[in-house]
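> Mind folding the following:
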Amino acid sequence: MSRQYPIEKMRNFGIIAHIDAGKTTVSERLLFYTGVSHKIGEVHEGDTVMDWMPQERERGITITAAAITMHWKGIQMNLIDTPGHIDFTAEVQRSLRVLDGAVVVFDGVAGVEPQSETVWRQADKYGTPRICFINKLDRMGGNFEKSFQSILDKLTLNAVAMNLPIGEEEHLGAIIDLLKMKAIYFEGEKGENVVEKEIPADMLEKAKVWREKMVDRIAGEDDILTDKLLGGQDISSEELMTVMRKACLAFKLVPVFCGSALKNKGTQLILDAVVDYLPSPMDIGFVKGTDPKTGAEIERKFNDAEPFSALVFKVATDPLVGQLTFFRVYSGTLQKGTYVLNSVTGEQERIARILRMKSNSREELDVLYAGEIGATVGLKDTSTGHTLCDKDKPVVLEKISFPEPVIAMRVEPKTKADQEKLIMSIRKLTQEDPTFRIKEDIETGETIISGMGELHLDIIQDRLKREFNVDANFGRPQVAYKETITAESEAEEKYVRQSGGKGQYGHVCIRLKPRERGAGFEFIDEIKGGAIPKEFIKPTEKGIIEALDKGISAGYPMVDVEVTLFDGSFHDVDSSEFAFKIAGSMAVQDGAKRAKPVILEPIMKTEVITPEAFFGTVISDLNSRRGKIEETKERAGMKILDAMVPLSEMFGYATALRSLTEGRASFTMEFNSYEQVPSNVAQQIIEGKTK
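Sure, this is the predicted structure:
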């Protein structure tokens, strides 16, 4: 069976944005206009195709990235609608890792919002070409020029307006296409008939000014067009499109479109823009990986004839088929019924079924080709970030990195019968979500779950109850504090035990040094002349890591520390791995106490939107929560506060803010960094932990 669409006729793209910018509404329109769905689902009515989980429909937000395949003008498109809420940032990270391009949606009233910046930086990290869509221009306060300016000010100076709205707020009537210099009207009950007309006379001058800006920017990226422009010659729209595509793929320009998805205006222009400006797998050409045996770099071309390689970017539990594993094929083809190698675990996996996903429904396939996105069921040891490849030509593709959880919670089963069910269910959820973690507290025997925020853990609780039928008690959310050191110190420790038979002997000398925030742990082996034999170095490191994980001051993991093992001694008969592990552990505990240990807490970047009448109240409340106000500004008659606030002070803030502002203010927050806790607060944390 041969390919239905050649690789250059494919587009893998995602929709990314701040929460409530209208991503899912845009996705639903794309599905309707491409014929995938015959009815437009609405977020406010809870009947969208892309938000299919009950938790998503009830809250009107996207929680998991949903994948769907559609077709437009002879192009096969694989679309992933990602969440906007920062608690589900892992979904955006893993989607961007396997997508070739992105559509960034902005709220036409608010312009660039905090999480717009976050997803933009994530797209920068993966080098993802993108186009922008300024949505919601039908809303009160919708303003294209202000929103466009906020993209230039906060995200990139390379944004180029390709559209202009005719009318704003409730008078939004049509869109001007600055390339064709035509007014585009969306007629019919659902805006399905795209009609080109002449630009209204009262908009013509403005359109000419904006077109001139657009031509200047695009022509500046190409020597031939620059010469034409300087020579006063006409430049055709085809020439402009060709140069714009090249510049967009090279991250030199970002085309910006506009409209209102809810009012069915401008959405088809996004589909055209995806075809015209976003890359096919051929434009990207190849993916880099490493040889699992030698570590040498390998390039795999996006070609059906190359050896098979695919990256697993998501694992999900489906109530009907069990565990679904989503993957992107980079090279070669995958046949149903064949065996592939998981190059990370070294295990072989059988591909019993290949599925093409349509959100939460599916289509069976016999073969999947290079560049495509699909799913399979029944893989045993494969999780997010693993590489599946040809067993004779192994390769490990670049993994996906995820942020550390910042909030934790105690969980215990209500009955003995629920004990095993609870652990099994939590394990399944940790396989699905790399930012959701589970650990046993050795001292108390409690099960601790941790995630990216209160909403994240709230959704986990809801899923345990509904999907897995697990009844459990949940403790209050706790901040995931960390510890570190602020000074250098040295420590020497001998572990000597003599009891009748063979004794124990381990002797180590270590040096501890603080590292930059976020740099992590580093172990340096400086043993010379065999003072400690090679076989005891690894156990010593293991003991050091275990001691750091237990913490020094308050039992929280110690981070950003460099430990150097520089001397020690051993006994021919009595030395053992166990003795050196204990010596390493004791040395760290001793040295860290003298290296001025401190406690670190997660600081959240918080944006509060409030009516001016409550501005002073909101500021004084944030100050009382140890918040630092970074900036205040105005947007559409509302005051905007940007602040850095410790997470520990933000529990229950949604309720507090509602009561302070008669329910008229809103806020968003995302993790920013770990910072040192003031000494008076640190004392309370230590006392609370020891109690």
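> Worst mean pLDDT across the helices and strands of this structure, which element?
Lowest on mean pLDDT, DSSP states H and E among the helices and strands of the chain sits helix 54-59, with a mean of 44.
> If residue 166 is in a bridge, with which residues?
Beta-bridge partners recorded for residue 166 (DSSP bridges): residue 174.
> which residues sit in contact with it?
172-176, 183, 200, 203 (Cβ atoms under 8 Å, 6 or more residues apart in numbering). Yep, even glycine has a C-beta here, placed from its N, CA and C like the rest.
> Kindly indicate the member of the residues you listed with the most neighbours.
When neighbours are taken as other Cβ atoms under 10 Å, the top entry among the contacts of residue 166 is residue 175 (27 neighbours).
> show me the contacts for it.
Going by Cβ under 8 Å, 6+ apart, residue 175 touches 163-166, 183-184, 257-259, 265-266, 269.
> Only the buried members of the residues you listed: can you turn that into a ChimeraX selection?
Of those, the buried ones go into a single ChimeraX selection, burial set by 16 or more other Cβ atoms under 10 Å:
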select :163,164,165,166,183,184,257,258,259,265,266,269
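> Could you list which of the contacts of residue 175 belong to strands?
163-166, 183-184, 257-258 (DSSP state E).
> so where is this protein shaky, pLDDT-wise?
The chain contains residues with pLDDT under 70 at 1-2, 37-67, 81-95, 317-321, 357-361, 400, 441-445, 499-501, 636, 689-691.
> at 50 what do you get?
Within the chain, the segments meeting pLDDT under 50 span 1, 41-65, 84-86, 359, 691.
> Domain map for it?
7-200+253-282, 285-397, 407-479, 484-595, 601-687 (the TED database).
> Turn those into JSON lines, including distance to residue 216.
Below are the domains of the chain laid out as JSON lines (distance: least, Cβ to Cβ, whole Å):
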{"stretch": "domain 7-200+253-282", "distance to residue 216": "9"}
{"stretch": "domain 285-397", "distance to residue 216": "30"}
{"stretch": "domain 407-479", "distance to residue 216": "43"}
{"stretch": "domain 484-595", "distance to residue 216": "41"}
{"stretch": "domain 601-687", "distance to residue 216": "29"}
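> so which of those domains is the most packed in?
The highest average neighbour count among these, using mean count of other Cβ atoms under 10 Å, belongs to domain 7-200+253-282 at a mean of 21.
> Tell me how far that domain lies from the chain's centre.
Remark: domain 7-200+253-282 is offset 18 Å from the chain centroid, using Cα atoms, centre = their mean, to the nearest Å.
> Parallel or antiparallel, which strands does the biggest strand by length in the chain pair with?
Counting residues, the longest strand found in the chain (DSSP E) is strand 597-610. The pairing partners recorded for strand 597-610 under DSSP bridges are strand 482-485 (antiparallel), strand 638-646 (antiparallel), strand 666-676 (antiparallel).
> Dump these into CSV; add distance to residue 448 as well.
Listed next are those as CSV, based on distance: least, Cβ to Cβ, whole Å:
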stretch, distance to residue 448
strand 482-485, 15
strand 638-646, 20
strand 666-676, 18
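> just so I know, which of those strands lies nearest residue 596?
strand 482-485 (6.2 Å; Cβ to Cβ).
> which residues touch that closest one?
So strand 482-485 is contacted by 512-514, 551-554, 556-561, 592, 595-600, 674 (Cβ under 8 Å, 6+ apart).
> before we move on, what about stretch 281-298?
With contact meaning Cβ under 8 Å, 6+ apart, stretch 281-298 is reached by 7-8, 10, 12, 100, 249, 299-302, 309, 330-331, 343, 346, 370-371, 387, 394-398.
> and the next element down the chain from the strand or helix carrying residue 508?
Using DSSP states H and E, the element containing residue 508 is strand 504-514. Sequence-wise, the next helix or strand downstream of strand 504-514 (DSSP H and E) is strand 522-525.
> Touching, residue 322 and residue 379? I think so.
No: judged on Cβ atoms under 8 Å, residue 322 makes no contact with residue 379 at a distance of 10.1 Å.
> Turn the contacts of residue 166 into CSV, including distance to residue 16.
Supplementary listing: these in CSV, determined by distance: Cβ to Cβ, whole Å:
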residue, distance to residue 16
172, 24
173, 28
174, 27
175, 22
176, 26
183, 29
200, 34
203, 31
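> Provide the backbone phi and psi angles at residue 419.
Dihedral pair for residue 419: phi -50, psi -60, per degrees, to the nearest 10.
> A helix includes residue 19, no?
No: counting by DSSP: H, G, I helix; E, B strand; the rest coil, residue 19 falls outside a helix, being coil.
> returning to what we had before: with respect to residue 72, which of the contacts of residue 166 is nearest?
Nearest to residue 72, judged by Cβ to Cβ, of those is residue 175 at 17.8 Å.
> Any idea how far the longest helix anywhere in the chain is from the middle of the chain?
Taking DSSP state H as the criterion, the chain has its longest helix at helix 201-219. Here the centre of helix 201-219 is set off from its chain's centre by 36 Å, with Cα atoms, centre = their mean.
> What residues sit buried inside it?
203, 207, 210-211, 214-215, 217-219.
> What are the contacting residues of that helix?
By Cβ under 8 Å, 6+ apart, helix 201-219 touches 160-162, 164, 166, 176, 178-179, 181, 183, 199, 225-226, 228-229, 235, 240, 243-244, 247, 253.
> Just the ones of these in helices?
Judged by DSSP H, those include 225-226, 228-229, 240, 243-244, 247 as members of helices.
> Going by neighbour count, which of those comes out on top?
residue 244 (26 neighbours).
> For residue 209, see how far away the nearest residue to that residue once chain neighbours are set aside is.
Closest residue to residue 244 apart from its sequence neighbours, by Cβ to Cβ, 6 or more residues apart in numbering: residue 218 at 5.2 Å. For residue 218, the distance to residue 209 (Cβ to Cβ, to the nearest Å) stands at 16 Å.
> what's the answer for residue 628, then?
42 Å.
> can you check residue 556 too?
58 Å.
> how about residue 473, secondary structure?
strand.
> From what I see, it and residue 411 are in contact.
Yes: applying Cβ under 8 Å as the test, residue 473 and residue 411 come out as touching, 7.3 Å apart.
> Next secondary structure element downstream of the helix or strand containing residue 327?
Per DSSP H and E: residue 327 is located in strand 322-331. Moving toward the C-terminus from strand 322-331, the next helix or strand (DSSP H and E) is strand 334-335.
> Packing partners of that following strand?
Packing partners of strand 334-335 (3 or more Cβ pairs under 8 Å, 6 or more residues apart in numbering; DSSP states H and E): strand 367-368.
> Walk me through which strands the strand it packs on pairs with, and which way each runs.
Strand 367-368 is paired, per DSSP bridges, with strand 334-335 (antiparallel).
> which outside residues touch the partner strand?
Identification of contacts with strand 334-335 by Cβ under 8 Å, 6+ apart yields 308, 310, 340, 351, 354, 366-368, 374.
> Just want the angle from the following helix or strand past the least confident helix or strand of the chain to strand 322-331.
Going down the chain from helix 54-59, the next helix or strand is strand 66-72, by DSSP H and E. Angle, strand 66-72 to strand 322-331, by axes from the mean of the first three to the mean of the last three Cα atoms, to 10 degrees: 50 degrees.
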